[in-house]
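Chemist: My questions are about this predicted structure, shown below with the sequence.
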Protein chains: 2
Amino acid sequence: MRLRYIELFHAVLTTGSLTGAANLLNISQPAASKALQQAEQQLGFALFSRVRGRLQPTEQALLLRQRIEKIIQELNELQRLTANMSLTDSCPLRVTCTPALAEALVPNAITSLRKTFPATTVELFTQHSAVMYESLMLHETDIGLTLQGTGRQNLSREPLCRGQVMVIAPPGWWPVTELKRPLPIAALAGQPMIGIAVQDALGSMLQSHLAQLAPAPRTSVRVQTYQLAHALVAQGEGLALVDPFTARRDGGKAVQMRPLDLRIDVVLCAIYRPDSPLNAVQKRFLSLVRQLAQR
Amino acid sequence: MRLRYIELFHAVLTTGSLTGAANLLNISQPAASKALQQAEQQLGFALFSRVRGRLQPTEQALLLRQRIEKIIQELNELQRLTANMSLTDSCPLRVTCTPALAEALVPNAITSLRKTFPATTVELFTQHSAVMYESLMLHETDIGLTLQGTGRQNLSREPLCRGQVMVIAPPGWWPVTELKRPLPIAALAGQPMIGIAVQDALGSMLQSHLAQLAPAPRTSVRVQTYQLAHALVAQGEGLALVDPFTARRDGGKAVQMRPLDLRIDVVLCAIYRPDSPLNAVQKRFLSLVRQLAQR
DNA sequence: TACTTGGCATAACTGAAGGTTGTGGCTTTG
DNA sequence: CAAAGCCACAACCTTCAGTTATGCCAAGTA
């Protein structure tokens, strides 16, 4: 089974037609047709049955499907990896971070960095933690910043700063005198809340805490990012649990915030591949982030 | 990164030289040389550094190595699968079983099967349980027979027969009057024993039981198959824990055997893919195995 | 029914990729 | 110093993946 046939097979299955597959692969339809026939001849059985002029995957084709798709995926990853490896060192600092940090913290760090390294080119991605791991492993990026970054398999993890989980609320929700006092988690029972879709180590941890409350908080909206939660809270939709960076975003104008009384801290972490040691720019960047975060 | 380059890369890494790789791929050395150069040109970085006329993998190459080898392996599996799929139904009964069963049970079942289906062609493999799973999933074989076959992910499991774990010993080890009586596991403490290398669900279970004995049994020899254990016991090397089929192999001439007092039974299981239902021959075969096993 | 449209297969042709043999330079080895 | 092993270069050849042009078939549509 040549790679060419594998790609074609995959293309036909995804597009649903030979012509579609041909377009996807940037070849003409007859070329695809011929290739498919060759593939089937070599295999010794039909991959598609031609019924009423259309292609329909055979039983055997469906058996092969998963394996082939896995191979395609791994080939794609390999491509990404090799593409990034040839570009290595063209950019001394490639950072990926969660959307919240991208807005609250990282831009400041980058502008500060420019004072010491004016000519440096920087690449900044925002990704959710799951994708971040991929991106680091494929050398697409060098440093990841995340909250509560659980030490994934092959990545080093360096804690930069600890903070408290914050509860944010529409203005006027709490008496101003109480804002300093930590809010017991039980006080959230039955309250209207904005949920954070679990996908983040911190997010899932908070979810499990909230799940134990009775009566359960009323979460009518569930969002993907802390910023969206912040925005919704500002509009009076309810309370939300967020990291300190998001909470403090606009200087506390649009929302009220107070710490949540919880044993667990939010930990801002840098993660990176342990094999490739950080260069001077990268180290400097991390120290800047640490400084900025600790305020 | 073309598949051709991936194969070449892998071949060079495994053989250690370009010429070796060329031989492995059945092409001439210059062809390999040219292909490698093309690959490196396309990638944008060197895969091997030419040092004193030899190839030496670069740092980047080593980073790619694992991924590429994984892809190669999956491609090989795909090849095996497709090869078997085209041959499907040419052989109505393809069985794989552990070495012990291959000797003690399966041959009898096959000869019995011939009485009902004289013309049937049968393929018989002997494989250890880990490989068995692969083989079934790749459609190389239809039925697997194993002891204590723990229900692997995607395979159906059908228990055929239950028996006791047996202890075998050199002749004259126990008084003949005691042979019927189950041996308490504690009696094995400090005894010389033949170990079964863990790789089998049954084997690992027995291992963990033995590990709790004090003083630990003295296992100077460790073997891969129950038959080897049987042979060594017959030569007076010590005791061994085996399945009932191996124990009974030569009619109890060369060794003594007695049941082990254990809550856990040995379960002879058939495993097969749940998607493809068994045909008549296969069903008949399993019922024969069940009959034979229950004696 | 007649016409259009979308999809697959066939035919004849073309170019580049991948193969070959032959050769030469460079090491390591006895 | 000769021999052997390994890699790179050159010139040439074959194959095969790609092209355009065309035809057939089924299904939708006026």
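Modeler: Nice, thanks for sending it over.

Chemist: Residue numbers of the stretch 101-250 of chain A in contact with chain B?
Modeler: With the criterion set to Cβ under 8 Å from any Cβ of the partner chain, the stretch 101-250 of chain A comes near chain B through residue A:139. Glycine gets a C-beta too; all of them are placed from N, C-alpha and C.

Chemist: In the stretch 101-250 of chain A, where is pLDDT below threshold?
Modeler: A:149-152, A:198-200 (pLDDT under 70).

Chemist: if you go through the stretch 101-250 of chain A in chain order, where are the strands?
Modeler: A:122-126, A:143-147, A:156-163, A:166-169, A:183-184, A:192-196, A:218-223, A:240-242 (DSSP state E, counting those that start in this stretch).

Chemist: so which of those gets nearest residue A:73?
Modeler: strand A:122-126 (20.4 Å; Cβ to Cβ).

Chemist: Count the neighbours of the residue of the stretch 51-200 of chain A found nearest chain B for me.
Modeler: Per Cβ to the nearest Cβ, residue A:86 is where the stretch 51-200 of chain A lies closest to chain B, at 3.2 Å. Neighbourhood size, residue A:86 [other Cβ atoms under 10 Å in any protein chain shown]: 12.

Chemist: tell me the most buried of the strands of the stretch 101-250 of chain A?
Modeler: strand A:240-242 (a mean of 28; mean count of other Cβ atoms under 10 Å in any protein chain shown).

Chemist: What parts of chain A come near DNA strand C?
Modeler: Contacts of chain A with DNA strand C, taken as Cβ under 7 Å from any atom of the strand, map to A:17-20, A:29-30, A:33-34, A:36-37, A:50, A:53-55.

Chemist: tell me the least confident of the residues you listed?
Modeler: On pLDDT alone, residue A:53 ranks lowest of the residues of chain A next to DNA strand C, at 74.

Chemist: Count the neighbours of that residue for me.
Modeler: Residue crowding around residue A:53 was assessed by other Cβ under 10 Å; the count is 5.

Chemist: how far away is it from residue B:68?
Modeler: The gap separating residue A:53 from residue B:68 is 40 Å, by Cβ to Cβ, to the nearest Å.

Chemist: Check residue A:250 too.
Modeler: 49 Å.

Chemist: Could I get the full set of helices for the stretch 151-295 of chain A?
Modeler: Assigned by DSSP state H, counting those that start in this stretch, the stretch 151-295 of chain A shows helices spanning A:201-211, A:226-234, A:244-247, A:280-293.

Chemist: neighbour count winner among residue A:250 and residue B:68?
Modeler: Neighbours were counted for residue A:250 and for residue B:68 using other Cβ under 10 Å; residue B:68 has more, 21 against 12.

Chemist: Residue B:6 is in contact with that one, correct?
Modeler: Yes: Residue B:68 lies in contact with residue B:6 (Cβ atoms under 8 Å); the separation is 5.5 Å.

Chemist: hang on, the earlier thing: what about the residues of chain A next to DNA strand C, which are in strands?
Modeler: A:50, A:54, A:55 (DSSP state E).

Chemist: quick one: which of those is most hemmed in?
Modeler: residue A:55 (20 neighbours).

Chemist: how far away is that one from residue A:3?
Modeler: 20 Å.

Chemist: hey, where'd the helices end up in the stretch 1-150 of chain A?
Modeler: A:3-15, A:18-24, A:29-43, A:59-87, A:99-104, A:106-116, A:129-137.

Chemist: Dump the strands of the stretch 101-250 of chain A to TSV, plus distance to residue A:72.
Modeler: Shown next, in TSV, are the strands of the stretch 101-250 of chain A (distance: least, Cβ to Cβ, whole Å):
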stretch	distance to residue A:72
strand A:122-126	24
strand A:143-147	26
strand A:156-163	31
strand A:166-169	43
strand A:183-184	49
strand A:192-196	33
strand A:218-223	33
strand A:240-242	39
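
Chemist: For the residue nearest the centre of chain A, give me phi and psi.
Modeler: The residue lying closest to the centre of chain A (Cα atoms, centre = their mean) is residue A:128, at 1.6 Å. Here is the backbone geometry of residue A:128 (degrees, to the nearest 10): phi -80, psi 160.

Chemist: just checking, it touches residue A:98?
Modeler: Yes: at 6.6 Å, residue A:128 counts as touching residue A:98 under the criterion of Cβ under 8 Å.
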